[in-house]
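> Pasted the sequence and its predicted model underneath.
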Amino acid sequence: MLTNIGDYGFIMASIGYGFLTILLILTYRRQHLRNILILATATTVLWSISEYSRANSAPDLNWHLVLDVLRVSLWCWVLQTLLTQGKNSDFSHTHTNKTRKPDISLRLPAANTLFIGLAASIMILSSQFSHLTIGHQLAQELSLTAWLALIIFGLRQVEKIYRSATKEQRWSLKYLCIGIGGLFSYDFFMYSDALLFKQLSPDIWQARGFISTLAVPLIAVSIARNPRWDIDIHVSRQVVLHSITLIGSGVYLVIMAVTAYTIKFYGGQWGSILQTSFLFGALLLLLILLFSDEIRAKTRVLLSKHFFSYKYDYRNEWINFTQRLGTHQGDVPSRICEAIAALVDSPGGVLWTKKEAIGGAQAQAFERVCSWQYPEFDSNVEQHLETLESFTLDKAWIIDIDDYKKSNERYPNLKIPQDILNLPKRWLLIPLFHQQSILGWLLLQHSARQSSLNWEDRDLLKMAAQQGAVHLAQYQADNKLAEARQFEAFNRLSTYVVHDLKNILAQQSLIVSNATKHKRNPDFVDDVISTIEHSVTRMTKLMEQMRTGQRGNEITVFPLVQLLNETIAHYHHLNPSPRLELADDHDADILVCADRDQLQTVFSHLIKNAQEATDKTGSLTLSIDHHNGQLTTAVKDSGGGMSDEFIQKRLFSPFDSTKGLTGMGIGVFESRNVIQAMGGDIRVSSLPGKGTSFFVSIPCLCCQHLKNA
């Protein structure tokens with residue numbers, strides 16, 4: 001029976017990793033990574049078996065260290081192979097591009113392998129001198145330091161793999177990273193404690209079996225999710241930056257821990273207080289450094305200069321630029337300023353755009369449309385920008401105002417007005433080109449982190465400015481379209497109003513022409529007064545429509561037959577006189593819900609057109625039919641009729657009239673729009689020489705007597 005609980009952990013670890021080893025062997029494929037995985041899991045089994053025999057004694061550095069070193073080294077080799085496989089794959093896909101240089105990281109596997117071997121050798125050789133009295137302490141500290149270096153290397157590889165993987169790759173890699181990273185993190189804690197207190201803790205050591213066992217299912221899940229381990233990993237600038245940050249933080253913490261231990265050891269009775277204060281201050285300083293934007297920016301510049309061929313990661317720059325342009329916060333000019341300014345860390349900017357040409361003349365003047373986080377100024381810069389246009393169209397340069405003031409000979413034939421030079425915090429003047437012309441100017445404020453531009457900065461800003469100009473042109477086109485739609489709505493309303501006024505004028509003209517003959521007829525006088533009263537009411541409503549810009553907003557409920565009788569009364573004195581024929585007495589009580597004036601205008605237009613198209617001896621009748629909630633009013637005449645081609649191509653087309661100069665050609669077009677807005681429709685049936693029938697269908701509100709409504 002086992003006397004030490006730690007032995008159970010090592011036995012469980014040996015069983016778990018033995019299962020993984022058998023699984024990998026049974027699903028064996030000839031692949032380099034899978035071979036290393038088999039070696040790593042098998043070595044972990046041997047290490048676990050060797051550990052449970054050391055039950056009740058504190059471990060020291062002896063021959064068991066060989067298996068432990070080999071186990072950790074093999075897991076580091078697994079991680080390194082994942083990275084190397086991804087880099088080689090990425091490079092192999094682009095080997096045809098002769099201008100591309102191999103990534104410097106492709107030369108790292110050999111150096112990493114040498115580092116692993118050197119650390120392992122130091123640990124093993126140091127253990128050989130641990131039994132000597134002289135040099136025992138030095139050998140042990142050297143061995144523990146090598147352990148920490150190897151563990152930090154492994155943690156760096158884990159972090160690099162996870163950050164380099166795509167979202168899809170992380171699905172299969174994350175549990176492997178968590179499992180191996182957990183093992184390395186625990187070993188880092190154990191050996192840091194041993195280095196600090198000059199001995200390994202028996203309790204921490206004995207728990208390693210259980211810690212190793214917990215990693216088994218995580219590694220197994222990753223193996224099951226990615227049986228072929230065909231992983232393509234790209235190491236980006238962000239990964240290198242985070243890796244350096246992690247390594248630097250780890251080295252910093254180790255140095256601070258050793259320093260704190262020295263303070264405690266030599267500090268006497270104040271040692272503990274000084275150690276605690278020092279550790280807190282060191283941790284606070286680390287947090288300040290990690291969250292410093294300036295330090296991160298300088299580190300990025302350092303990496304770009306010494307580790308990459310280009311200063312910018314163009315994929316990320318373009319994604320961020322597009323996201324800033326496409327956001328819904330702020331108007332388009334402000335988003336253009338913010339997006340371009342962010343490329344060079346500028347805190348603000350001003351945008352001018354060219355004014356719209358008036359009367360066909362070419363626009364030259366500019367106007368300020370946006371001041372994004374830029375100090376206020378009173379200078380009238382707009383009138384001077386057009387003087388820079390000829391130089392910019394010729395050179396297509398971004399103007400660095402500071403550089404211009406230092407050596408203006410670099411800008412031949414360029415004269416920047418003093419008003420622009422006196423602007424506060426001015427730095428870069430960027431032209432926004434669109435279709436071989438300058439659509440606008442963008443002035444950026446001085447950057448706190450970047451004082452000069454190189455060719456790469458200028459190319460990036462030019463590309464971004466062109467994209468910003470496209471967005472600005474679209475923004476201006478959208479504004480013009482909205483304005484044009486407003487004018488279109490007003491013009492359409494004006495056309496309808498003029499058409500209605502024409503009908504009112506026709507009624508007044510008819511009164512004037514008949515006044516001499518019938519002025520002494522009392523019935524004629526009464527009819528004249530009624531017609532004038534109706535005309536005044538109608539024109540008053542038309543004026544209200546012109547003022548408000550709305551038509552048909554007075555919805556009421558009324559009997560349709562009453563409306564038809566009133567409309568017929570206005571045209572009964574003309575031949576053929578219209579007649580309303582009702583098939584059922586209950587039709588007189590049918591109710592509709594609509595704008596009364598608009599519906600009356602529709603029937604007035606149909607009746608008037610029918611009278612003009614029919615001889616005085618002809619017939620003009622109106623009838624009503626209701627079925628399935630639809631009320632259909634038929635206006636039938638015996639006039640000349642229309643052809644099918646005319647009905648399909650011309651009848652409902654606006655501004656197409658057969659009446660010459662006396663017609664506007666919008667009556668039928670407007671009538672159908674009004675009826676369709678009510679939820680109905682107008683149909684036409686006609687034959688040349690046999691008359692025409694218009695069928696006006698609208699929803700029927702109810703079919704009951706008015707007294708019960």
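Everything's here; your move.

> what packs against the lengthiest helix in the chain?
Ranked by residue count, the top helix of the chain under DSSP state H comes out as helix 455-518. Under the contact criterion of 3 or more C-beta pairs under 8 Å, 6 or more residues apart in numbering; DSSP states H and E, helix 455-518 touches helix 314-326, helix 332-343, strand 426-434, strand 437-445, helix 522-548, helix 596-612, helix 667-677. Every residue, glycine included, has its C-beta placed from N, CA and C.

> State the mean pLDDT of that helix.
Here helix 455-518 scores 79 as its mean pLDDT.

> Stretch 653-662 now?
60.

> Over to stretch 574-585?
Here the average pLDDT along stretch 574-585 is 85.

> returning to that earlier point: of all the helices and strands packed on helix 455-518, which lies closest to Ile568?
Nearest to Ile568 among the helices and strands packed on helix 455-518 is helix 596-612 (7.0 Å), distances taken as C-beta to C-beta.

> What are the buried residues along that closest one?
596-611 (16 or more other C-beta atoms under 10 Å).

> just those residues now: which is nearest Ala220?
Closest approach to Ala220 among those (C-beta to C-beta): Gln598, at 76.7 Å.

> I'd say Asp419 and Ser379 touch.
Yes - using C-beta atoms under 8 Å, Asp419 is in contact with Ser379, at 4.5 Å.

> out of the buried residues of helix 596-612, which one sits closest to Asp345?
Gln598 (61.3 Å).

> quick one: that closest one from Leu542, how far?
12 Å (C-beta to C-beta, to the nearest Å).

> so what sits against both of those two?
Common neighbours of Gln598 and Leu542, counting by C-beta atoms under 8 Å, 6 or more residues apart in numbering, are absent.

> before we move on, back to that, least reliable of the helices and strands packed on helix 455-518 by average pLDDT, please.
helix 522-548 (a mean of 76).

> Past that one, which element shows up next along the chain?
Using DSSP states H and E, the helix or strand that follows helix 522-548 in sequence is strand 555-559.

> Paired strands for that following strand, with orientation please.
For strand 555-559, the pairing partners within the sheet under DSSP bridges are strand 590-595 (antiparallel).

> tilt between the partner strand and helix 596-612?
Per axes from the mean of the first three to the mean of the last three C-alpha atoms, to 10 degrees, the angle that strand 590-595 makes with helix 596-612 is 100 degrees.

> Go through strand 590-595 and flag the buried ones.
For strand 590-595, using 16+ other C-beta under 10 Å, the buried residues are 590-592, 594-595.

> will you turn these into TSV that also has distance to Glu338 and pLDDT?
Formatted as TSV, these follow (distance: C-beta to C-beta, whole Å; pLDDT from 0 to 100):
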residue	distance to Glu338	pLDDT
Ile590	63	83
Leu591	59	86
Val592	56	87
Ala594	51	87
Asp595	49	84
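
> Using JSON lines, lay out those together with distance to Glu159.
Below are those laid out as JSON lines (distance: C-beta to C-beta, whole Å):
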{"residue": "Ile590", "distance to Glu159": "81"}
{"residue": "Leu591", "distance to Glu159": "78"}
{"residue": "Val592", "distance to Glu159": "76"}
{"residue": "Ala594", "distance to Glu159": "72"}
{"residue": "Asp595", "distance to Glu159": "72"}
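
> of the residues you listed, closest to His534?
Of the buried residues of strand 590-595, the one sitting nearest to His534 (C-beta to C-beta) turns out to be Asp595, at 16.3 Å.

> Work out for me the element Ile211 sits within.
helix 208-225.

> Could you do Thr353 as well?
strand 349-354.

> Now do that strand: which elements does it pack against?
When contacts are defined as 3+ C-beta pairs under 8 Å, 6+ apart, strand 349-354 sits against helix 332-343, strand 366-372, strand 437-445.

> Pipe these into a markdown table and attach distance to Gln466 per row.
Formatted as a markdown table, the helices and strands packed on strand 349-354 follow (distance: least, C-beta to C-beta, whole Å):
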| stretch | distance to Gln466 |
| --- | --- |
| helix 332-343 | 11 |
| strand 366-372 | 18 |
| strand 437-445 | 10 |
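
> quick one: which of these is nearest Leu481?
helix 332-343 (14.2 Å).

> name the helices or strands packed onto that closest one?
Short answer (3+ C-beta pairs under 8 Å, 6+ apart): helix 332-343 packs on helix 314-326, strand 349-354, strand 366-372, strand 437-445, helix 455-518.

> contacting residues around the fourth one?
The contact list for strand 437-445, computed with C-beta under 8 Å, 6+ apart, reads 336-337, 340-341, 344, 346-354, 366, 369, 373-374, 385, 388-389, 392-393, 423, 425-433, 465, 468-469, 472-473.

> returning to that earlier point: tell me the one among the buried residues of helix 596-612 nearest to Trp205.
Gln598 (93.4 Å).

> if I look at the closest one, how far off is Ser604?
11 Å.

> again, but for Trp427
From Trp427 to Ser604 the distance is 69 Å (C-beta to C-beta).

> cool, and Phe646?
From Phe646 over to Ser604 (counting by C-beta to C-beta), the distance is 22 Å.

> Also Cys76?
On the measure of C-beta to C-beta, Cys76 and Ser604 end up 93 Å apart.

> swap in Leu183?
92 Å.

> same deal with Ser643?
25 Å.

> Also His573?
Distance of His573 to Ser604, given as C-beta to C-beta: 14 Å.

> How about Thr387?
Applying C-beta to C-beta to Thr387 and Ser604 gives a distance of 63 Å.

> hmm, who's touching stretch 449-469?
294, 297-298, 310-312, 314, 317, 321, 325, 336, 339-340, 343-345, 396, 398, 400, 402-403, 428, 430-434, 439-440, 442.

> same thing with stretch 375-394?
So stretch 375-394 is contacted by 348, 352, 364-368, 397, 399, 411, 413-417, 419-420, 422-425, 429, 431, 437-438, 441 (C-beta under 8 Å, 6+ apart).

> Of those residues, keep whichever come out buried.
348, 352, 366, 368, 397, 399, 411, 414, 416, 420, 423, 429, 431, 438, 441.

> What residue spans form the domains of the chain?
Per automatic domain parsing, the structural domains of the chain span 5-90+105-235, 237-309, 321-551, 555-708.

> and these, which one's lowest on average pLDDT?
Minimum mean pLDDT among these: domain 237-309, a mean of 62.

> Three-state assignment for Gly618, please.
Of the three states, Gly618 takes coil under DSSP: H, G, I helix; E, B strand; the rest coil.

> give the contact list for Ser48.
By C-beta under 8 Å, 6+ apart, the neighbours of Ser48 are 10-11, 13-14, 17, 209, 212.

> does it count as helix, strand or coil?
Reduced to three states by three-state DSSP, Ser48 is helix.

> Against Leu37, how distant is Val696?
82 Å.

> An error on my part: the question was meant for Ile336.
On the measure of C-beta to C-beta, Ile336 and Leu37 end up 52 Å apart.
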